[in-house]
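Engineer: Below are the sequence and a predicted model; questions follow.
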Amino acid sequence: MKTNVIRYGMAATTGLLCLAQAQAARAEVSDADFNALKELVGQLSQEVHDLQTTNQVQNQKHQLDVQQIQDLQTKLAQTQQTATEAKQKSDEVAEVQSQPPPRVPIDEATVNHNFQMLGDAEFQYDKTSGQNGGFLLADFAPIFLYRGGDNILFEAGFDTILQNGSNPNSVPPGHDMGYGTTFNLSFAQLDYVMNDYMTLCAGELLLPLGTYTERGAGWLNLIPDNPLAVDSLIPATGVGAELRGSVPFGESGQYLEYAVYGVNGPSSNDGTGSPTSLDLGGNVGLRNNNAVASLNGNPSGGGRLGYFMPFYKPHYDVELGVSGMAGQWDNTINSHMWAGGVLDAALDLGINFKFTGEYIMTQYGSDAGEVTQQGWFAQASYRLAGLNLELPGINNVQLVGRYDSVHDGINPRVERYTAGFVYYISNTFLVEGDYEFLHSPDPTQVDDFLLQLSYGF
C-alpha cells in the first residue's frame, strides 16, 4: 500500500514539473494539450487523496482490532486466575471437612434459638350430682423441646396439679382437708433422626397404643376428662426404646405410619400375682427395701401400624390403625403375661366435622385366673361455623359428644354418655363444658358437670 502511494506521488510530482515546463514552453504547446495534461494531473491528485483516506481508515480498524485482542487476553487471564483461586479454596474446604470439627464453646444465643417451651394449662370447676360444686383443680403442663443439631432432639413434659384433698377419717367422712400439689414427669425422651423415614427414641415414651395418648390429651381434648377405657385398661407411658416413622406411597398423599418398641411394661406393684396388684404404669427399679430390681419378669414389646389416606380435597381424610403390646407383668413363679390390642380410627370431613374412636381389649393372667378387659369410645364434634348462620358468637362454638364404656373383667360394665361444647375465645384459648351421664353399679359414681378453661401455648 505504501509503495502505491509513493508511486502515485512521484507521478503527481512529475506531472507538476511537466506543468511547470509547459508554462515555460507554452508557446510551443497548444491550449488543448495543456488542458488535457492539467486534467490528468487533477485526477492523479484525487486518487492520491482517496488512497490516503482509505489507508487511515484501515489503520484505525487495525488499531481497534489490536485493542480488542488485548482486552480479551486480559479477561482470559483474569478468568484463569479466578478459576485457580476457586480450586484452591475448594481444596482447602475439602481438607477441612475431612478432619473432625474442633470443639468450640457453646453459643448461648444459638442454644436459646434451639429451645422452645410448649404445653397447656387448665382450670376446672366440678359439680357432682348430690354434692356441692367447687373449683376442682389447676393444671400446668409445660413441654420442653430442645434441638441439639440436625438429627438430635429432646422433649420432656411435666404435670403440675393443684387439687382439692379429702380426709377419709374426718367427720363427716370426706370433709375437705385443704389441697395438695403434685409434680410429675409425664414423659421424657431423646430422639435421633436416622433418616427421613426412621427416628430412634429412648426414655420414658408416650406409647402408641391407639392415638389418644399421643394426640388427644390436655387442651387438645375437646372434653375435660379422658375416656374410661384409656385411663384404666392400657399404659400411657413406658421406659425403653422405640423405632418409629412413616413411609409415603402413591401420588395422593397416602402414607403408612409404624412404631416398634421395647419398654418395661406393666408390672406388679407388690410382687404378687393377684389381679389387684397389676400396675399399668410399669416400674423403673426399686423395691420397697430399696433393692434394685424389676417387679415384672421381662420387658414388654409392642408396636403400631397406621394408614392415612386423604380424600379429594383438603381437610377430608381418614386414618386407621392397629396396635398391640405384650409382656410378662409379674415376677412370681407363674410368670403371668399381659397383652393388649387397640383399633383406632379418625375421620375428618372438612374443618368443621371430626370423628375419633378406639376399641381396646386386654388380657392378663393372675393367680385368680385369666382376666379379660375391654372398652371403647366414640367421639364426634361439629363447628357451628359450618351452618353459615349470621348470629353473634355462633361461629366460635363447637358441639361435642362422646360415648364410652369399660369392663375391667372383675366389676360390672360402666357406661357414660357425654354432651358438651367448646367456645373458642381464640384458637388456643378455650372454654369447655360438658355434662356426663354415668351408668354404674357403684353408687359413688354419679352424673357430673364440668367446666374447664384451657389454654395451649
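Structural biologist: Looks like it arrived, so ask away.
Engineer: next helix or strand past the lengthiest strand in the chain?
Structural biologist: Under DSSP state E, the strand in the chain containing the largest number of residues is strand 175-195. Next helix or strand after strand 175-195 toward the C-terminus (DSSP states H and E): strand 198-206.
Engineer: If you count neighbours, what's buried in that next one?
Structural biologist: The neighbour-count check on strand 198-206 (16 or more other C-beta atoms under 10 Å) flags 199, 201, 203-206 as buried. (Glycine included, C-beta is placed from N, CA and C.)
Engineer: what's the answer for stretch 297-305, then?
Structural biologist: For stretch 297-305, burial by neighbour count (16+ other C-beta under 10 Å) applies to 297, 299-300, 302-304.
Engineer: Stretch 365-382 too?
Structural biologist: Buried, per 16+ other C-beta under 10 Å, within stretch 365-382: 365-366, 371, 373-377, 379-382.
Engineer: surely Lys354 meets Ser381?
Structural biologist: Yes - with contact defined as C-beta atoms under 8 Å, Lys354 counts as touching Ser381 (5.2 Å).
Engineer: still on that earlier bit, contacts for the longest strand of the chain next, please.
Structural biologist: Defining contact as C-beta atoms under 8 Å, 6 or more residues apart in numbering, one finds that strand 175-195 is touched by 141, 150-167, 170, 199-206, 237.
Engineer: PyMOL command to pick out the buried ones of those?
Structural biologist: The command below creates a PyMOL selection of those among these that count as buried (16+ other C-beta under 10 Å):
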select buried, resi 141+153+154+155+156+157+158+159+161+199+201+203+204+205+206+237
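Engineer: from the contacts of strand 175-195, which ones fall inside strands?
Structural biologist: Applying DSSP E to these, the entries found in strands are 141, 152-167, 199-206, 237.
Engineer: Give the closest residue to Phe353 in space, chain neighbours not counted.
Structural biologist: Tyr382 (5.2 Å; C-beta to C-beta, 6 or more residues apart in numbering).
Engineer: What pairs with whichever strand or helix holds the one you found, parallel or antiparallel?
Structural biologist: Per DSSP H and E, Tyr382 falls inside strand 371-383. Note on strand 371-383: by DSSP bridges, its sheet partners are strand 353-364 (antiparallel), strand 397-407 (antiparallel).
Engineer: Next, the buried residues of the longest one.
Structural biologist: Neighbour-count burial for strand 353-364, with 16+ other C-beta under 10 Å as criterion, is recorded at 354, 356-364.
Engineer: send the alpha carbons of it over as PDB?
Structural biologist: Extracted C-alpha coordinates of strand 353-364, given in PDB (Å, rounded to 0.1, in the frame of the first residue of the first chain):
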ATOM      1  CA  PHE A 353     -66.600 -32.200  61.500                       C
ATOM      2  CA  LYS A 354     -64.300 -34.700  63.100                       C
ATOM      3  CA  PHE A 355     -64.800 -38.200  64.400                       C
ATOM      4  CA  THR A 356     -62.400 -40.300  66.500                       C
ATOM      5  CA  GLY A 357     -62.800 -43.700  68.200                       C
ATOM      6  CA  GLU A 358     -60.900 -46.600  69.700                       C
ATOM      7  CA  TYR A 359     -61.600 -50.200  70.700                       C
ATOM      8  CA  ILE A 360     -59.400 -51.600  73.400                       C
ATOM      9  CA  MET A 361     -59.100 -55.200  74.600                       C
ATOM     10  CA  THR A 362     -56.600 -56.600  77.100                       C
ATOM     11  CA  GLN A 363     -56.000 -59.900  78.800                       C
ATOM     12  CA  TYR A 364     -53.700 -60.900  81.600                       C
END
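Engineer: would you say Glu319 is within a helix?
Structural biologist: No - counting by DSSP: H, G, I helix; E, B strand; the rest coil, Glu319 falls outside a helix, being strand.
Engineer: got the contact list for it?
Structural biologist: 211, 306-309, 344-347.
Engineer: Return the set of residues that bridge with it.
Structural biologist: Going by DSSP bridges, Glu319 is paired in beta bridges with Phe308, Ala346.
Engineer: quick one: secondary structure of Ser232?
Structural biologist: Per three-state DSSP, Ser232 ends up helix.
Engineer: pLDDT wise, what is it at?
Structural biologist: For Ser232, the pLDDT comes out at 91.
Engineer: In space, what's closest to it - neighbours in sequence excluded?
Structural biologist: Closest residue to Ser232 in three dimensions, ignoring its sequence neighbours and counting by C-beta to C-beta, 6+ apart: Val406, at 5.7 Å.
Engineer: Check the burial of the one you found by counting its neighbours.
Structural biologist: Here the number of neighbours of Val406 (other C-beta atoms under 10 Å) works out to 24.
Engineer: just Ser335 next, same as before
Structural biologist: By the criterion of other C-beta under 10 Å, Ser335 has 14 neighbours.
Engineer: what about it, is that helix, strand or coil?
Structural biologist: Three-state assignment for Ser335 (three-state DSSP): coil.
Engineer: what's it in contact with, if anything?
Structural biologist: Here Ser335 is in contact with 297, 328 (C-beta under 8 Å, 6+ apart).
Engineer: From Tyr364, how far off is it?
Structural biologist: 12 Å (C-beta to C-beta, to the nearest Å).
Engineer: separation between Leu153 and Leu118?
Structural biologist: 13 Å.
Engineer: Now do the shared contacts for the two.
Structural biologist: Taking C-beta under 8 Å, 6+ apart as the criterion, Leu153 and Leu118 both touch Leu145.
Engineer: hmm, back to that, which other residues reach the strand holding Tyr382?
Structural biologist: With contact meaning C-beta under 8 Å, 6+ apart, strand 371-383 is reached by 222-223, 227-230, 232-233, 275, 351-365, 395, 397-410, 422.
Engineer: Quickly list what Tyr125 is bridged to.
Structural biologist: Using DSSP bridges, the beta-bridge partners of Tyr125 come out as Phe135, Leu451.
Engineer: can I assume it is in contact with Ala138?
Structural biologist: No - using C-beta under 8 Å, Tyr125 is not in contact with Ala138, being 10.8 Å away.
Engineer: what residues do those two have in common as contacts?
Structural biologist: Joint contacts of Tyr125 and Ala138 (C-beta under 8 Å, 6+ apart) do not exist.
Engineer: and Asn35, that's in a helix?
Structural biologist: Yes - per three-state DSSP, Asn35 lies within a helix segment.
Engineer: Number of residues surrounding it?
Structural biologist: Close neighbours of Asn35, defined as other C-beta under 10 Å, add up to 10.
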